[in-house]
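1. Sharing a model prediction with you, sequence too.
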2 protein chains.
Amino acid sequence: MDLDLALVRAFVATAGTLHFGRAAEELNTSQQALSKRIARLEELLGVRLFERQGGIRLSEAGERFLPAAREALAAGERAVAAVTGTGPVVRIDTWGHLYAPMRTVAEAVQVLGAVRWEPGPGRDWPSVAQALLRGDTDLGFGRVHPLPDGRDAGLTQRLVRLEPVDVVLSPSHPLAGADALRPSDLRDSILWCPAELNRLDFLRRFADEFRITRRHDGPNLGLDHLVQHLRTDPEGFTVFPADAPLPDHTGLRSIPLVEPTPLYAWSLAWRESSRHPLLDTLLRGFTEAGRTRRWLEYKPQRDWLPDTDHPKLAVR
Amino acid sequence: MDLDLALVRAFVATAGTLHFGRAAEELNTSQQALSKRIARLEELLGVRLFERQGGIRLSEAGERFLPAAREALAAGERAVAAVTGTGPVVRIDTWGHLYAPMRTVAEAVQVLGAVRWEPGPGRDWPSVAQALLRGDTDLGFGRVHPLPDGRDAGLTQRLVRLEPVDVVLSPSHPLAGADALRPSDLRDSILWCPAELNRLDFLRRFADEFRITRRHDGPNLGLDHLVQHLRTDPEGFTVFPADAPLPDHTGLRSIPLVEPTPLYAWSLAWRESSRHPLLDTLLRGFTEAGRTRRWLEYKPQRDWLPDTDHPKLAVR
DNA sequence: CCTATGCGACAACCCTCCGTTGTCGGCCGG
DNA sequence: CCGGCCGACAACGGAGGGTTGTCGCATAGG
């Protein structure tokens, strides 16, 4: 009971023109062949799709079939595009590269397939927002924070993942043996920041919220550099998304945070006035992945989320 | 370039077993026929889907194709189900019947087709919430307001439409000639309520917000009854969703409200722990319809929404 | 009432294509 | 080196889909 999409195509074309002759022309075939195709489809489905009485019009069943038929055609085209590499590509600019945003995008894309994408050169949220507004890129992915002067006006965003963060510290750190730690346990330690703290919205809010006053920041010299320092400083720590990969054999320990568990809010952003054709498919991929992998779980009494992220939460 | 889903089915089955013989058995055909089908599909796509070297495994292209192929098969099945009437039915309980909730559900379903649904006996939000929790129905649709005692715990809801409301009044009402009215213009008029006001969350909040103190309520005796009273009372008015149909030839006037425009918030609700198989399709229908018909537009400076509805808003 | 016209269905024909049966070749384990 | 398993290849037969040609049935106009 599998449809041949060629038949479905014939139906959709005929439903469009309501005229066998013209629809046949459109499909580069003859009226008779088209007539047979429709008849075949009708027999397969066991339902009359058109009422014929001097001209044709959609039957009630045809009316029900039409939108679903269009969907099926579109799905077929996406499948073909997925494998032949034809069709559009969506450019996705990510930021917060230290936290490996790509892995989440890749996972969401994999769920549905059929989306070809390429990473953009994104650096940070302000620059990606600008690129989106200029049309230099199609989609942004990372942690969004409010921009001054309405520099994000016209952009739509959607929260797609809340990721718990772990503490990362040296085995020589006094707390290294714990199975779980509370943020308040870290007050006596030194927060090592991967870049200048005033450019790290999440880390800054985290440190402020939990009164972590000993902080060490500096220019972004990459993950390895940070790891080096952490390894040698028994008082130092940093926080890191729980599923983001640390370089292997760093010898550092990753310990879950609880009471509360801080969450890192990953969002997609795009310019509403120029939606990319693949956007809907991609959003479905994130929705699907988010549900199965529980990417959007948030319990106010268990988790901590920066104030500015709260509006992004919603019953969805 | 239209796929034959029978070929796609062959591919998916083979990708599942990674064994031509067993997949052929599963498909009730011979190994040779299956082999030919795969070859045909590969030629059509111009890509090798399997690597053959003593046994088979998916090629890179096959890996990309698989999820999209599953999607296409599902879409095909939905299309067949839409027209043959096979497949599951989703029971949707609506409430606020005076405001004709069904029309919005019907519109959303129409966008994608393929969802068979039947209305339930819903009366009001509390009773529908209870029915959802008991599993007596699959989905609820109407305006959701918070319930006491956690009687809505375990239910997920999603805002799907914000509908402006119009004033409805008799032609003999002094304001009947206006092209648009402000809520504050109605302070001297009498709000006729279609039921007891303490059961009408939206109307109560509306009247309180805009200081409409003259109110007339009573048991719900139906739309016609309300219309009768409105027609004869030159001081009376009621408010009504802008797109909801009033009975024809009522002789009443409908006038848009502005500065601000009150919005009626329609939501879907379901029990997260027992998602109906059609729920995702249905949600996509609402998302799609919502975008094209601008069902979710809200400007705080232009519109008015009861406080309790604000958490439902979200960037999505 | 008759005819012209336009449209879709039906019939006959032909060829392509798909599934069948039978067989070969290549990769494995012993 | 050999046997067994698995997928590809070859040959054949029948169904199916496209072609051309024609008919039936509407509707409109004289």
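-> Alright, I've got the coordinates.

2. Leaving aside the residues adjacent along the chain, what's closest to whichever residue of the stretch 151-300 of chain A sits closest to chain B?
-> Closest approach of the stretch 151-300 of chain A to chain B (C-beta to the nearest C-beta) occurs at residue A:157, with a separation of 5.1 Å. Glycine gets a C-beta too; all of them are placed from N, C-alpha and C. Residue nearest to residue A:157 in three dimensions, not counting chain neighbours: residue A:269, with 4.2 Å by C-beta to C-beta, 6 or more residues apart in numbering or on different chains.

3. got it, and residue A:85?
-> residue A:116 (6.8 Å).

4. Flag every residue of the stretch 1-150 of chain A that's near DNA strand D.
-> Proximity of the stretch 1-150 of chain A to DNA strand D (C-beta under 7 Å from any atom of the strand) is limited to residues A:6, A:29-30, A:32-33, A:36-37, A:40, A:53-54.

5. ok, and the most crowded of those?
-> Tallying neighbours with other C-beta atoms under 10 Å in any protein chain shown puts residue A:37 at the head of those, with 22 neighbours.

6. Hmm, that residue is touching residue A:7, no?
-> Yes: contact status for residue A:37 versus residue A:7: in contact at 5.4 Å, counting by C-beta atoms under 8 Å.

7. Mind pulling the model confidence for the closest residue to residue A:229 other than its chain neighbours?
-> Of all residues not flanking residue A:229 in the chain, residue A:192 sits nearest, at 5.9 Å (C-beta to C-beta, 6+ apart). As predicted, residue A:192 sits at a pLDDT of 91.

8. And for residue A:248?
-> At residue A:248, the pLDDT value in this model is 69.

9. Can you give the domain ranges for chain A?
-> Split into domains by automatic domain parsing, chain A comes to A:5-84, A:89-157+A:266-293, A:163-262.

10. Now distance to residue B:172 too, for those, in CSV please.
-> Below are these laid out as CSV (distance: least, C-beta to C-beta, whole Å):
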stretch, distance to residue B:172
domain A:5-84, 43
domain A:89-157+A:266-293, 45
domain A:163-262, 60
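
11. Helices of chain A, start to end?
-> A:5-17, A:20-26, A:31-45, A:60-84, A:101-112, A:125-134, A:201-209, A:223-232, A:279-292 (DSSP state H).

12. Next, the buried residues of the shortest one.
-> Looking back up the chat, that one is helix A:20-26. Within helix A:20-26, the residues that count as buried by 16 or more other C-beta atoms under 10 Å in any protein chain shown are A:20, A:23-24.

13. Mind giving me the packing neighbours of that helix?
-> If contacts are counted by 3 or more C-beta pairs under 8 Å, 6 or more residues apart in numbering or on different chains; DSSP states H and E, helix A:20-26 sits against helix A:5-17, helix A:31-45.

14. Tell me what angle the last one forms with helix A:60-84.
-> In terms of direction (axes from the mean of the first three to the mean of the last three C-alpha atoms, to 10 degrees), helix A:31-45 departs from helix A:60-84 by 100 degrees.

15. Need the contact partners of helix A:31-45.
-> Residues outside helix A:31-45 that contact it (C-beta atoms under 8 Å, 6 or more residues apart in numbering or on different chains) are A:1, A:3, A:6-8, A:10-11, A:14, A:20-21, A:23-24, A:27, A:48-50, A:61, A:65, B:80, B:83-84.

16. Buried subset of the residues you listed, written for PyMOL?
-> Of the contacts of helix A:31-45, the buried ones go into a single PyMOL selection, burial set by 16+ other C-beta under 10 Å:
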select buried, (chain A and resi 3+6+7+8+10+11+14+20+23+24+27+49+50+61+65) or (chain B and resi 80+83+84)
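
17. Run through the contacts of helix A:31-45 and flag the ones next to DNA strand C.
-> The residues of those that also fall near DNA strand C, by C-beta under 7 Å from any atom of the strand, are A:20-21, A:50.

18. Can you measure across stretch A:188-195, start residue to end residue?
-> Separation of the first and last residues of stretch A:188-195 by C-alpha to C-alpha, to the nearest Å is 21 Å.

19. any residues touching that stretch, and which ones?
-> Contacts with stretch A:188-195, where a contact means C-beta under 8 Å, 6+ apart, come from A:98, A:169, A:173, A:175, A:200, A:203, A:207, A:212, A:214-220, A:223, A:226, A:229-230, A:233, A:235-239.

20. In that stretch, which residues are buried?
-> Buried residues in stretch A:188-195, counted by 16+ other C-beta under 10 Å: A:189-195.

21. would you list those residues in CSV and tack on distance to residue A:299?
-> Below are the buried residues of stretch A:188-195 laid out as CSV (distance: C-beta to C-beta, whole Å):
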residue, distance to residue A:299
A:189, 26
A:190, 30
A:191, 25
A:192, 29
A:193, 28
A:194, 28
A:195, 30
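
22. Now intersect those with the strands, please.
-> The strands, defined by DSSP state E, take in A:190-192 from the buried residues of stretch A:188-195.

23. Compute the number of surrounding residues for the residue in the stretch 101-250 of chain A that chain B sits nearest to.
-> Per C-beta to the nearest C-beta, residue A:113 is where the stretch 101-250 of chain A lies closest to chain B, at 3.4 Å. Residue A:113 sits with 23 neighbouring residues when counted by other C-beta under 10 Å.

24. Ok, the one 4 residues further on next?
-> Summarising burial for residue A:117: neighbours were counted as other C-beta under 10 Å, giving 19.

25. Who's the closest spatial neighbour of it, skipping the chain neighbours?
-> Distance criterion C-beta to C-beta, 6+ apart; nearest residue to residue A:117, sequence neighbours excluded, is residue A:90 at 4.7 Å.

26. Contacts only, for that neighbour.
-> Shown in contact with residue A:90 (C-beta under 8 Å, 6+ apart): A:115-118, A:138-139, A:276, A:278-279, A:282.

27. Scan these and report the most crowded one.
-> Busiest of these [other C-beta under 10 Å] is residue A:115, holding 27 neighbours.

28. How about the residues of the stretch 101-250 of chain A by chain B?
-> A:110-114, A:156-159 (C-beta under 8 Å from any C-beta of the partner chain).

29. I'd like to know which of these is nearest to residue B:148.
-> Closest to residue B:148 out of these is residue A:159 (29.0 Å), distances taken as C-beta to C-beta.

30. now the closest one: how far from residue A:312?
-> According to C-beta to C-beta, to the nearest Å, residue A:159 and residue A:312 sit 4 Å apart.

31. and what of residue A:257?
-> Taking C-beta to C-beta, one finds residue A:257 at 21 Å from residue A:312.

32. Nearest residue to residue A:178 in space, please, no chain neighbours.
-> In space, residue A:178 is closest to residue A:255, 5.8 Å off (C-beta to C-beta, 6+ apart).

33. got it, and residue A:46?
-> Nearest non-adjacent residue to residue A:46, counting by C-beta to C-beta, 6+ apart: residue B:84, 6.4 Å away.

34. pretty sure residue A:143 is in contact with residue A:269, am I right?
-> No: the pair residue A:143 / residue A:269 is not scored as a contact, 10.5 Å apart, by C-beta under 8 Å.

35. Strand partners (parallel or antiparallel) of the top strand by length along chain A?
-> As assigned by DSSP E, the longest strand anywhere in chain A is strand A:155-169. Strand A:155-169 pairs in its sheet with strand A:236-241 (antiparallel), strand A:253-256 (antiparallel), strand A:261-271 (antiparallel), by DSSP bridges.

36. per-residue pLDDT, the nearest residue to residue A:123 once chain neighbours are set aside?
-> Nearest residue to residue A:123 in three dimensions, chain neighbours excluded: residue A:95, at 6.0 Å (C-beta to C-beta, 6+ apart). For residue A:95, the model assigns a pLDDT of 93.

37. Contact partners for residue A:95?
-> With C-beta under 8 Å, 6+ apart, residue A:95 has these contacts: A:101, A:122-125, A:127-128, A:140-142.

38. show me what contacts residue A:5?
-> Residue A:5 neighbours (C-beta under 8 Å, 6+ apart): A:72-73, A:76, B:2-5, B:76.
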